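J.: quick one, fold the following:
(2 chains)
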Amino acid sequence: MNKTQLLIDVFLAIGVVSAVISCIAVLVMKDLYERLHYLSPPATVTVICFCAAVIAEKHLSQAGIRAVLITIVLLWINAVLTHATARAARVRQFRRWIPDALEVRGTNDQSTAGLNSRPLIDSAEDAE
Amino acid sequence: MNAWLISATVLLFALIPVGIQTFKGDAMDRLVGLEMAGIMVTLILILLAEGFQRVTFYDIALACALLTFGSGLVFVRFLERWL
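T.: Reported below is the predicted structural model:
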């Protein structure tokens, strides 16, 4: 096994371990907002490792350039999608995006999103 | 079977917990599972393209990444406004 092959194997191992842990964490975490954090490792660490492995094997050939392109796209969509999903979850939970001074969870709120991320003041009665 | 294909196989098994996630919880929890599955499938397609030495397979991975983005945004806007 030469050095290049060893480097490729190391990159692949790091990427696969990172992705597998994230997949399990998505299932195990209790809360939507906690789950959202685990979208990032596959779309950052793993894809960068795979891209590096492809470049190590093929250099900047057609395959290497396409791998770089996919990496850029995944890095970009991960940021946008995670933010959009968190925003949608918050709007569904609180019926608005912008927080106010006394942020309360409505009494008719049936959403299960963010049960571990409840605001400090849970109801207007508690605040009084 | 080379290292690329072995990695792709491991990631295929990693899709199982993501699949379970898409079948439980409320709509937003399921959507997170779907987005994760889209990213994972893109990664698997990269590995398969390199494992089978087919450069054109990278285009499928690129298309999958772009479609994951589009579908994710559509679902997010729909869930935010109407469901």
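J.: counting neighbours, what do you get for A:Val68?
T.: As a burial measure, the neighbour count of A:Val68 was computed by other Cβ atoms under 10 Å in any protein chain shown and equals 15. C-beta: built from backbone N, CA, C; applies to glycine.
J.: how about the residue nearest in space to the middle of chain A, phi and psi?
T.: Central residue of chain A (Cα atoms, centre = their mean): A:Leu39, 2.4 Å from the mean position. Geometry field for A:Leu39 lists phi and psi as phi -80, psi -20, criterion degrees, to the nearest 10.
J.: quick check: it touching B:Gly33?
T.: No: under the criterion of Cβ atoms under 8 Å, A:Leu39 makes no contact with B:Gly33, lying 10.0 Å away.
J.: mutual contacts of these two, please.
T.: Counting by Cβ atoms under 8 Å, 6 or more residues apart in numbering or on different chains, the shared contacts of A:Leu39 and B:Gly33 are A:Val26.
J.: what bits of the chain have low per-residue confidence?
T.: If you meant another chain, say so; for now it's chain A. Across chain A, the stretches falling below the confidence threshold (pLDDT under 70) are A:99-128.
J.: that's the other chain; I wanted chain B
T.: Along chain B, segments meeting pLDDT under 70 span B:83.
J.: let's see it at 80
T.: Judged by pLDDT under 80, chain B has its weakly predicted residues at B:82-83.
J.: just say helix, strand or coil for the spatially most central residue of it.
T.: Centroid-nearest residue in chain B: B:Gly38, 2.0 Å away (criterion: Cα atoms, centre = their mean). Three states are possible here, and by DSSP: H, G, I helix; E, B strand; the rest coil the one that applies to B:Gly38 is helix.
J.: helix/strand/coil for the closest residue to it other than its chain neighbours?
T.: Nearest in space to B:Gly38, with sequence neighbours left out and distances taken as Cβ to Cβ, 6 or more residues apart in numbering or on different chains, is B:Thr68 at 3.1 Å. With three-state DSSP as the basis, the three-state label of B:Thr68 is helix.
J.: name the residues of the helix ranked longest in chain A that are buried.
T.: Among the elements of type helix in chain A, defined by DSSP state H, the one spanning the most residues is helix A:62-94. Along helix A:62-94, the positions that meet the burial threshold by neighbour count (16 or more other Cβ atoms under 10 Å in any protein chain shown) are A:63-67, A:69-71, A:73-74, A:77-78, A:81-82, A:84-86, A:88-90, A:92-94.
J.: now that helix, how far from the chain's geometric center?
T.: The gap between the average C-alpha position of helix A:62-94 and the chain average comes to 8 Å, counting by Cα atoms, centre = their mean, to the nearest Å.
J.: show me where chain B has its helices.
T.: Listed in chain order, the helices found in chain B under DSSP H are B:3-21, B:27-51, B:57-81.
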